[in-house]
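make a model of this:
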Amino acid sequence: MANKSEKQYTFKSLDKDSANALKVPFDIKQDKIIIISDVHKGDRQKGSDDFERNETIYCCALDYYFKNNFKLVLAGDIEEGWECDYEKIINCYRDTAFKMEKKFVERGNYYRIYGNHDNDWSEKEMVDKYLKPILGEISVHPSLFLGERIIIVHGHQGDLHSDRGAKLSRCIVRYCWKMFQNVFKCMNNRAAENNRIRSKRDRYLFEWAKTKRLLLIAGHTHRGMFESYSKTFQLTHKKKELEDKLSKTTDPAEKLLLKVAIQKIEKIIKESKEEFTKDKKISRLGTSPPPCYFNDGCCVHTNGITGIEIDQGKIRLVKWEISDTTCNERGDSKIRPANLISPERKIYQSGDLKEILSKI
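Below is the predicted model of the structure:
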């Protein structure tokens with residue numbers, strides 16, 4: 001009964017936020033948009049700032065998108081308001097992350113959605129007090145529509161701990177959790193760190209989008225999803241296709257290329273420790289689910305940040321990370337000199353947006 005109630009709360013909350021969404025005109029053939037969430041900018045203190053390690057990657061990624069004329073959508077939990085004071089966050093990232101974001105504001109290509117960890121931005125007075133002085137004139141919304149059929153939300157809507165009980169959860173996180181997080185990590189009730197909870201989040205968001213026949217893009221769970229499938233599931237499916245080709249081909253050159261591709265996929269899957277083991281076998285959202293649910297992941301992975309790109313008719317799940325190795329012509333790896341280390345943009349999944357919308 002509890003699960004059914006939470007699903008009902010989720011649907012009701014999504015209905016409300018979608019009715020109050022910012023409507024953004026959208027040209028599928030022309031628009032270029034990067035959607036990022038769960039940045040969790042903190043105060044540079046251990047235990048309350050998971051973003052600091054990815055600060056350089058985040059700024060380099062935003063620089064790339066700015067130079068390539070993308071619009072920026074920040075889909076909630078951009079500041080870690082549950083654990084930190086906003087003054088400290090702004091002072092820590094004034095000259096880096098906030099400075100890069102302000103470029104999009106000045107160009108008129110900046111959109112904001114609030115999440116549970118930065119729910120204070122639902123109040124205009126708080127936005128004017130903290131964000132306006134550092135970013136300029138901005139507004140923050142509960143959700144955002146691109147055209148008529150693509151909706152962007154944070155994804156916490158209806159969740160017991162992150163939405164309905166957010167005030168209590170915030171107090172626990174701010175005043176208690178940091179002291180005991182290593183001891184009680186297995187008892188964590190935050191969607192980003194509890195597989196059972198975020199699996200339910202995925203399912204409820206997917207079911208709402210399926211019912212409404214919308215393409216929904218969310219964050220909150222910190223786990224990338226593409227066309228209603230997790231990254232691990234899709235990569236494992238691709239690996240099987242390549243293995244089938246490998247077993248049939250007699251061309252030595254093709255065999256070599258297929259082996260290299262399979263090894264690369266295996267490496268990515270191994271690094272994706274946050275995914276369920278069962279993702280390697282089935283989709284959690286059923287057999288052949290409609291491609292209506294996408295998740296941009298987060299900016300607090302241990303080795304990079306992820307996001308969803310919409311680029312002139314294409315939609316992609318991408319990851320930005322720093323690779324400290326490179327390969328010579330023979331394929332031997334070696335460590336890169338420190339001054340040559342820079343973030344790399346990797347495309348995990350890509351699809352034709354018009355075709356995907358036609359299947360929903």
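
could you point out the longest helix of this protein?
Using DSSP state H to assign secondary structure, the helix with the most residues in the chain is helix 252-271.

now that helix: buried residues?
By neighbour count with 16 or more other Cβ atoms under 10 Å, helix 252-271 contains the buried residues Leu258, Ile262, Ile265, Ile269. (Each C-beta comes from the backbone N, C-alpha and C, glycine too.)

now render those residues as a markdown table, adding distance to Gly219.
Converted to a markdown table, these look like this (distance: Cβ to Cβ, whole Å):
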| residue | distance to Gly219 |
| --- | --- |
| Leu258 | 35 |
| Ile262 | 31 |
| Ile265 | 25 |
| Ile269 | 22 |
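
which of these lies closest to Tyr204?
Nearest to Tyr204 among the buried residues of helix 252-271: Ile269, at 26.1 Å, using Cβ to Cβ.

quick one: the helices in the stretch 101-250 of the chain?
Using DSSP state H, counting those that start in this stretch, the helices of the stretch 101-250 of the chain run over residues 124-126, 132-135, 166-172, 178-180, 195-212, 231-248.

between the ones you listed, which gets the lowest average pLDDT?
Note on the helices of the stretch 101-250 of the chain: helix 166-172 shows the lowest mean pLDDT, a mean of 48.

can I see the domain layout of the protein?
Per the record, the chain has its domains at 2-228+283-358, 232-279, by automatic domain parsing.

mean neighbour count, those: which tops it?
Mean neighbours per residue, mean count of other Cβ atoms under 10 Å, is largest over the domains of the chain for domain 2-228+283-358, with a mean of 18.

Three-state assignment for the nearest residue to Ser48 once chain neighbours are set aside, please.
In space, and not counting its chain neighbours, Ser48 is closest to Glu83: 4.2 Å by Cβ to Cβ, 6 or more residues apart in numbering. Here Glu83 is coil, with the state taken from DSSP: H, G, I helix; E, B strand; the rest coil.

measure Glu83 to Ser37 for me?
Glu83 sits 17 Å away from Ser37, taking Cβ to Cβ, to the nearest Å as the criterion.

same question for Lys12.
22 Å.

mind checking pLDDT for Pro343?
87.

in the sheet, who's paired with it?
Counting by DSSP bridges, Pro343 is bridged to Ile322.

pull the contacting residues for it.
Applying Cβ atoms under 8 Å, 6 or more residues apart in numbering, we find Pro343 in contact with Thr56, Ile57, Cys60, Ala61, Gly304, Trp320, Glu321, Ile322.

where does the third one land in three-state SS?
Secondary structure assignment for Cys60 (three-state DSSP): helix.

skipping adjacent residues, who's closest to it in space?
Nearest one to Cys60, counting by Cβ to Cβ, 6+ apart, is Pro343 at 4.5 Å.

hey, least reliable of the domains of the chain by pLDDT?
domain 232-279 (a mean of 75).

so what's the gap between that one and the chain middle?
24 Å (Cα atoms, centre = their mean, to the nearest Å).

element containing Asp77, please.
Per DSSP states H and E, Asp77 falls between elements, in no helix or strand.

contacting residues around it?
Contact partners of Asp77, counting by Cβ under 8 Å, 6+ apart, are Ser37, Asp38, Val39, His40, Gly115, Asn116, His117, Asp118, His154, Gly219, His220.

Glu80 too?
Here Glu80 is in contact with His40, Lys41, Gly42, Asp43, Ser48, Asp49, Asp50, Phe51, Ile89, His117, Asp118 (Cβ under 8 Å, 6+ apart).

OK, contacts around His301?
Going by Cβ under 8 Å, 6+ apart, His301 touches Asn54, His222, Lys319, Glu321.

phi, psi for it please.
In terms of degrees, to the nearest 10, the main-chain angles of His301 are phi -60, psi 160.

quick check: it vs Trp320, distance?
10 Å.

and if you look at Ile265?
19 Å.

could you do Gly158 as well?
Computed as Cβ to Cβ, the Gly158 to Trp320 distance reads 31 Å.

what of Phe145?
From Phe145 across to Trp320, the span is 26 Å (Cβ to Cβ).

returning to that earlier point: so the residue nearest to Ser48 touches Arg44, yeah?
No - the pair formed by Glu83 and Arg44 falls short of the contact definition of Cβ atoms under 8 Å, at 12.0 Å.

give me phi/psi at Glu123?
According to degrees, to the nearest 10, Glu123 has phi -100, psi 120.
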